[in-house]
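Student: From the sequence below, what's the structure:
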Amino acid sequence: MRVSRKPCAIAQVKKFLRGDVEPNKFGDRVTITWIRGKIPTLILYDENGKEVQRTDISALTHEQLMTKMDQLGFVH
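Tutor: Reported below is the predicted structural model:
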């Protein structure tokens, strides 16, 4: 089953990625890997580089993304 994403939600995610993550506002612990056609996903790794959490962020607003990053300890 394919899930439809609202264009406005994806625009909010792009705003967050291009406006907050790319300019390095969260420091060097947060990076982006752009993969065309893939659902925007937040992937967290432990200190050994092992994946510990994967979250679909495609439906989140800019405000929700900022709150999530704050909750995870990534200070803006």
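
Student: For the worst-scoring helix or strand of the chain on mean pLDDT, enumerate the helices and strands it packs against.
Tutor: When each helix and strand of the chain is scored by mean pLDDT, DSSP states H and E, helix 7-16 comes last, with a mean of 86. The helices and strands touching helix 7-16, judged by 3 or more C-beta pairs under 8 Å, 6 or more residues apart in numbering; DSSP states H and E, are helix 62-71. All C-beta atoms are positioned from the backbone trio N, CA, C, and that covers glycine.

Student: that older thread, could I get the buried residue list for the least confident helix or strand of the chain?
Tutor: Buried residues in helix 7-16, counted by 16 or more other C-beta atoms under 10 Å: 9, 12-13, 16.

Student: Which one of the residues you listed is nearest to residue 74?
Tutor: For these, the closest approach to residue 74 (C-beta to C-beta) belongs to residue 16, at 12.0 Å.

Student: gap between the least confident helix or strand of the chain and the chain center?
Tutor: 11 Å (C-alpha atoms, centre = their mean, to the nearest Å).

Student: same thing with stretch 11-25?
Tutor: 8 Å.

Student: Show me what it is in contact with.
Tutor: Applying C-beta atoms under 8 Å, 6 or more residues apart in numbering, the external contacts of stretch 11-25 come out as 26, 30-32, 40, 57-58, 60-62, 65-66, 76.

Student: In TSV, list these along with pLDDT and neighbour count.
Tutor: Listed next are the contacts of stretch 11-25 as TSV, based on pLDDT from 0 to 100; neighbours: other C-beta atoms under 10 Å:
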residue	pLDDT	neighbour count
26	88	15
30	91	16
31	91	9
32	91	10
40	94	21
57	95	17
58	94	16
60	94	19
61	93	15
62	93	16
65	95	20
66	94	15
76	72	9
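
Student: Lovely, talk soon.
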